[in-house]
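**Q** Fold the stuff below for me.
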Amino acid sequence: MKIVVIGGTGLIGSKLVAKLGEHGYEAVAAAPNTGVNALTGEGLAEALAGASVVVDVSNAPSFEAAAVLEFFETSTRNLLAAEAAAGVGHHVVLSVVGAERLPGSGYLRAKMAQEKMIESSAIPYSIVHATQFFEFARRIADEATDAGTVRMPPVGFQPIAADEVVRAVGRIAVGSPVNGTVEVAGPERFRMDEFFRDVLAAWNDPREVVTDPHARYFGTELGERSLVPDDGATLGEVKYADWPGRTATGG
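**A** Numbers count the residues shown, from 1 in each chain. Okay, the predicted model is just below:
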């Protein structure tokens, strides 16, 4: 089975290509640096020839609202057209738990626009909603920093190791399309402000974490359950305290 991974050289994509290859699948890493650009359409027809599945784990280079919307709408439109021409039977996309609950975020509005395009196409699909990756904890803290202070809301937070997202996406990719959404999340639920207070202390980071109910997460305020999965989500097994990268990468 040939599986084309759009964004196949990034954090999730590179791990997914390797994992699928280990299990005997023909996994193709498709990205601008391999000559495949979903945004322009360059190389798509050639990469998708003979493919059974396309997995889109690509991400926008800019999170500015207009730019990210343009990225996801254009790249998804090009992908779906190329898949239809190639006879691809399963489109898998990685998205975000809670995206539908946070219209105040330009990035998450763009992800929802992407999902709607996929749901409206004739190609069978699976949408995987994941919570925040352990690997992105540093970026989240930096984004929340104001004048040396990290402002975090006291809301639910259930991050997951990227390797476990890869396993979940891989299982979906080699299975039958669900024509719906599945959720994956970490095994532990924290309070967001307390989580970041602990991890910054573990990094020996001098920034103070201040609890602020109105603190914005990539442009939007959060409710208690904005970022946590519903019942029935697939939960990972790796706890943050046991994750090897927690100190080596600064979160």
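**Q** Can you list the neighbours in contact with the longest helix belonging to the chain?
**A** Longest helix in the chain, counting residues (DSSP state H): helix 65-86. By CB atoms under 8 Å, 6 or more residues apart in numbering, the surrounding residues in contact with helix 65-86 are 6, 38-41, 44-45, 48-51, 54, 56, 58, 60-62, 91, 93, 106-107, 109-111, 113-114, 117-118, 121-123, 219. Where you see a C-beta, it was placed from the backbone N, CA and C, and this is true even at glycine.
**Q** Output the contacting helices and strands for the helix or strand just after that helix.
**A** Downstream of helix 65-86, the first helix or strand assigned by DSSP states H and E is strand 90-96. Other helices and strands packing on strand 90-96, by 3 or more CB pairs under 8 Å, 6 or more residues apart in numbering; DSSP states H and E, are strand 53-56, helix 65-86, helix 106-120, strand 125-130, helix 162-173.
**Q** Quick one: distance of strand 90-96 to the chain centre.
**A** Between the mean C-alpha location of strand 90-96 and the chain-wide mean there is a distance of 9 Å, by CA atoms, centre = their mean, to the nearest Å.
**Q** can you pull the buried residues of it?
**A** 90-96 (16 or more other CB atoms under 10 Å).
**Q** ok, for Thr145, nearest residue in space, not its chain neighbours?
**A** Nearest non-adjacent residue to Thr145, counting by CB to CB, 6 or more residues apart in numbering: Arg207, 6.4 Å away.
**Q** coming back round to it: just give me how far the longest helix of the chain sits from the chain centre.
**A** Here helix 65-86 is found 16 Å from its chain centre; the criterion is CA atoms, centre = their mean.
**Q** Could you give me the buried positions within it?
**A** Residues of helix 65-86 classed as buried: 68-69, 71-72, 75-76, 78-80, 82-83, 86 (neighbour count, 16+ other CB under 10 Å).
**Q** now stretch 110-124
**A** Burial within stretch 110-124, assessed by neighbour count using 16+ other CB under 10 Å, is assigned to 110-112, 114-115, 117-118, 121, 123.
**Q** Tell me which residues are up against it.
**A** Here stretch 110-124 makes contact (CB under 8 Å, 6+ apart) with 60, 65, 68-69, 71-73, 76-77, 80, 83-84, 88-91, 93, 95-96, 99-100, 103, 125, 127, 177, 179, 181.
**Q** Likewise for stretch 162-181?
**A** Contact with stretch 162-181 is made by 1, 3, 11-12, 15-16, 19-20, 23, 25, 53, 55, 57, 89-92, 94-95, 115, 124-130, 133-135, 182, 184, 186, 234, 236-238, as judged by CB under 8 Å, 6+ apart.
**Q** show me where pLDDT drops low in the stretch 101-250 of the chain?
**A** Applying pLDDT under 70 to the predicted model, the residue ranges of the stretch 101-250 of the chain that meet it are 248-250.
**Q** Which parts of it are helices?
**A** Listed in chain order, the helices of the stretch 101-250 of the chain (DSSP state H, counting those that start in this stretch) span 106-120, 137-143, 162-173, 192-202, 245-248.
**Q** out of the ones you listed, deepest packed?
**A** Most buried of the helices of the stretch 101-250 of the chain by mean neighbour count (mean count of other CB atoms under 10 Å) is helix 162-173; its value is a mean of 21.
**Q** can you give me the offset of that one from its chain's centre?
**A** 11 Å.
**Q** Export it to PDB, keeping only CA atoms.
**A** In PDB, the C-alpha atoms belonging to helix 162-173 read as follows (Å, rounded to 0.1, in the frame of the first residue of the first chain):
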ATOM      1  CA  ALA A 162       4.300  13.400  19.400                       C
ATOM      2  CA  ASP A 163       5.300   9.700  19.100                       C
ATOM      3  CA  GLU A 164       1.900   8.700  20.400                       C
ATOM      4  CA  VAL A 165       0.200  11.000  17.900                       C
ATOM      5  CA  VAL A 166       2.200   9.300  15.200                       C
ATOM      6  CA  ARG A 167       1.000   5.900  16.300                       C
ATOM      7  CA  ALA A 168      -2.600   7.000  16.300                       C
ATOM      8  CA  VAL A 169      -2.400   8.600  12.900                       C
ATOM      9  CA  GLY A 170      -0.700   5.600  11.500                       C
ATOM     10  CA  ARG A 171      -3.400   3.200  12.800                       C
ATOM     11  CA  ILE A 172      -6.000   5.400  11.200                       C
ATOM     12  CA  ALA A 173      -4.100   5.700   7.900                       C
END
